[in-house]
Structure formats: structure tokens, C-alpha cells
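Undergrad: return atomic coordinates for the entry below.
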Amino acid sequence: MFSVTRPSEAQLEAAVAKAAAAGFSYSEVGATEGELPAGYRHDRWSTDLGEDAPDRLDHAATELLNWRPQRGAGMSLHPDEPVSAGLTFALTLQLPLGGYAVAPGRVVYVIDEPHRRGFAYGTLVGHPEQGEESFIVRRADGRLVFEITAFSKPNHWLAKVGGRFTRRFQLAATKRYLAAMGKACQ
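TA: The predicted structure follows:
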């Protein structure tokens, strides 16, 4: 959904309900945990969050599961609640040339392991893109690392027509995700 003005709570609630009923906009649900599917653009990004001192993984996971990367990228979330398996939500983001995009998604899986924590969400019908994105914080050789893995392709006609602009916007959001987690873990 695209809008000239910021969507109201009632509009967001309706968008989430409609997307929940329609389901995922892609068939490879959960694929960010393994081999990424053909036919999509693949992205793998990471940033070093510093030394893996006691309780740092717990702190980073808490920030991650409270949507720090998305909030740090300037997005708002409806409903405003922590990540949980199966959560259906809508991200609202302001577009660079004005207006807003509402991007519905659902949490596909949550990881809670001693050395690795995070989640992935997939796009639902109505999202401008089609695909899945995972956000993982893990221990690696005495360091803490934040990793983003994604596969996607434009879904809405405006995203398709946007071409390079759409891709630049997507990459800028990813850079803000990485920076937000870096700042949260300083």
C-alpha cells in the first residue's frame, strides 16, 4: 500500500488483517536458513558489533527482537510489539520523494541458540517487494557479528518501474539496519 499521508492506526490494522488473510507473496518460505532460491536478487551483509563480552549477545538479541534495525532505519511497526514466531505486522516507511509505503510481513522463524539469535520475516501479499530477510546476531571468534541475509524481487508495479531507484532505496535501508545495530551495541 502506498499513501500520500501517514496511514492511520485503523488503516494499518486493516492492512495487517488483509495481508494475514492473503498470506505470503512467495513460495520459498524459510529459505533464508539454507540455499537462497533462484529467480531473486540475493543479499548477504554483515557488520562487526565488537568484542563478545559477557551479556553482549543477550543485549544485542534484545535490541534485535525489538526491531532496532527497522526502527533505526526510520520505519515504524504495527502492531508495536517484539518479534515472535508467526507475528503478522506492517512496516511503514516514508519514501524519499514523499508519501509512505506500508509493507506487510510475517515472522517466519525465530532463532534462540547459545551462540546465535535472530529471526526472519517474509513478505505478505501487498508488500512492495517479494521475498524474505533474516536478521541474525552470532558469536564468531571472540566477536559479535550482525548478519542480514535476503532474497527479494519487486512485487508492486511501482517497485518494478522504480528499477535502480528501488534498489538504491533498499540498499540504503540495509545500511541503516547495520548502523542501527552497531549503535545499539556500542
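Undergrad: how many neighbours does Glu133 have?
TA: Neighbour count for Glu133, taken as other Cβ atoms under 10 Å: 22. The C-beta positions use only the backbone N, C-alpha and C, and glycine is treated the same way.
Undergrad: again but with Gly98, I slipped
TA: 8.
Undergrad: and if you look at Asp52?
TA: By other Cβ under 10 Å, the residues close to Asp52 number 17.
Undergrad: do the same with Cys185
TA: 20.
Undergrad: and it, what does it touch?
TA: 49-50, 56, 59-60, 63, 144, 146 (Cβ atoms under 8 Å, 6 or more residues apart in numbering).
Undergrad: mind pulling up the pLDDT for it?
TA: We have a pLDDT of 92 for Cys185.
Undergrad: longest strand in this protein, by residue count?
TA: strand 100-113 (DSSP state E).
Undergrad: the helix or strand containing Thr174 vs strand 100-113, what angle?
TA: Using DSSP states H and E, Thr174 falls within helix 157-184. Relative orientation of helix 157-184 versus strand 100-113 (axes from the mean of the first three to the mean of the last three Cα atoms, to 10 degrees): 50 degrees.
Undergrad: and helix 157-184, what does it pack against?
TA: strand 41-51, helix 56-65, helix 68-72, strand 129-140, strand 143-154 (3 or more Cβ pairs under 8 Å, 6 or more residues apart in numbering; DSSP states H and E).
Undergrad: and these as CSV, adding mean pLDDT and distance to Ala22?
TA: CSV is the format used below for these (pLDDT from 0 to 100; distance: least, Cβ to Cβ, whole Å):
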stretch, mean pLDDT, distance to Ala22
strand 41-51, 96, 23
helix 56-65, 97, 26
helix 68-72, 96, 22
strand 129-140, 96, 13
strand 143-154, 95, 18
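Undergrad: and the residue nearest to the spatial centre of the chain, how far from Ala85?
TA: The chain has Glu133 as the residue nearest its centroid, 5.6 Å off, counting by Cα atoms, centre = their mean. Using Cβ to Cβ, to the nearest Å, we find Glu133 at a distance of 16 Å from Ala85.
Undergrad: what's the answer for Gln170, then?
TA: Gln170 is 25 Å from Ala85, by Cβ to Cβ.
Undergrad: with neighbour numbers in mind, choose between these two.
TA: Gln170 (18 against 10).
Undergrad: ok, now which ones touch the more buried one?
TA: 129, 152.
Undergrad: thought Ile136 was touching Arg116?
TA: Yes. Look at Ile136 against Arg116 with Cβ atoms under 8 Å: they come within range, at 6.1 Å.
Undergrad: which of those two has more neighbours?
TA: A side-by-side neighbour count of Ile136 and Arg116, using other Cβ under 10 Å, places Ile136 first with 21 against 16.
Undergrad: kindly state the pLDDT recorded for the nearest residue to Phe151 once chain neighbours are set aside?
TA: In space, Phe151 comes closest to Tyr40 once its chain neighbours are excluded; the distance is 3.9 Å by Cβ to Cβ, 6 or more residues apart in numbering. Note for Tyr40: predicted pLDDT of 95.
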